[in-house]
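Visitor: coords please:
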Amino acid sequence: HFSGPELMGLIDGMSNMDFIFGFACNTKLLAMAEPTRVRAIERWVAAQSQDVVPNAVRLFDEFTYKARSWPKAWRVLLKAEVMA
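Guide: Below is the predicted model:
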């Protein structure tokens, strides 16, 4: 409930305040994150042939998203991580 539109709007209206909320995933967010997830998998597969294989491949990306209950779109940050 911390990423509700009321609290997000209240904080957004404060000129000296930034905020980061974590919120549950949904099918639309999963679809928007899919290209980054696929790139992470591709990099993980490619790394398997290297002399030193990393423990994980992590990619970060961003996009804007507007839930139906939100008054506007906000910036969403994501991390796509592939591990052994």
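
Visitor: any idea which helix or strand of the protein has the worst average confidence?
Guide: helix 5-12 (a mean of 83; mean pLDDT, DSSP states H and E).

Visitor: Distance from the chain centre to that helix, please.
Guide: Put simply, helix 5-12 sits 19 Å off its chain's centre (CA atoms, centre = their mean, to the nearest Å).

Visitor: partner residues bridging residue 61?
Guide: Going by DSSP bridges, residue 61 is paired in beta bridges with residue 78.

Visitor: and for the least confident helix or strand of the chain, what are the contacting residues?
Guide: 17, 19, 21, 67, 69-71, 74 (CB atoms under 8 Å, 6 or more residues apart in numbering). For glycine as for every other residue, the C-beta is placed from the backbone atoms N, C-alpha and C.

Visitor: so which of these comes closest to residue 82?
Guide: residue 21 (24.9 Å; CB to CB).

Visitor: tell me the SS of the closest one?
Guide: Secondary structure for residue 21, judged by DSSP: H, G, I helix; E, B strand; the rest coil, is coil.

Visitor: can you count the residues close to it?
Guide: By the measure other CB atoms under 10 Å, the count of residues near residue 21 is 12.
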